[in-house]
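Colleague: build me a structure from this.
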Amino acid sequence: MTDAACRDQDPDLFFPVSPHGANGYQIHEAKSICEDCVVQGMCLRYSLATEQSAGIWGGHTEEERSRLKRRRPREPIR
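Modeller: Numbers count the residues shown, from 1 in each chain. Predicted coordinates for the structure are as follows:
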């Protein structure tokens, strides 16, 4: 966590209420922070392993993580 690009950001940015309207911009902003993060892969793996049900983790929304789990249930996420 100490190396995460989000460590100094407002946590609310990573937990939008909805993917629509102004929150769509919030999702875009959160993902742009994740994009160049050195621990993005670890963050995504953590969220999948602990079944995080909300928020942007490793640059992925809840819906995107759900699709990843369905698509590759046994294949490791890089």
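
Colleague: look up how far I56 lies from the residue nearest to I33 when sequence neighbours are not counted.
Modeller: Closest residue to I33 apart from its sequence neighbours, by C-beta to C-beta, 6 or more residues apart in numbering: A5 at 5.2 Å. C-beta coordinates here come from the backbone N, C-alpha and C atoms, glycine included. Per C-beta to C-beta, to the nearest Å, A5 is found 12 Å from I56.

Colleague: list the residues that contact both of the two?
Modeller: C34 (C-beta atoms under 8 Å, 6 or more residues apart in numbering).

Colleague: pull the distance from the longest helix along the chain to the chain's centre.
Modeller: Counting by DSSP state H, the longest helix found in the chain is helix 22-35. How far helix 22-35 lies from its chain's middle: 10 Å, per C-alpha atoms, centre = their mean, to the nearest Å.

Colleague: average model confidence for whatever helix or strand comes next after that helix?
Modeller: Once helix 22-35 ends, the next helix or strand along the chain (criterion: DSSP states H and E) is helix 40-49. Across helix 40-49, the average pLDDT comes to 96.

Colleague: give me the angle between the helix or strand following helix 40-49 and helix 22-35.
Modeller: Toward the C-terminus, helix 40-49 is succeeded by helix 62-71 as the next helix or strand (DSSP H and E). Relative orientation of helix 62-71 versus helix 22-35 (axes from the mean of the first three to the mean of the last three C-alpha atoms, to 10 degrees): 60 degrees.
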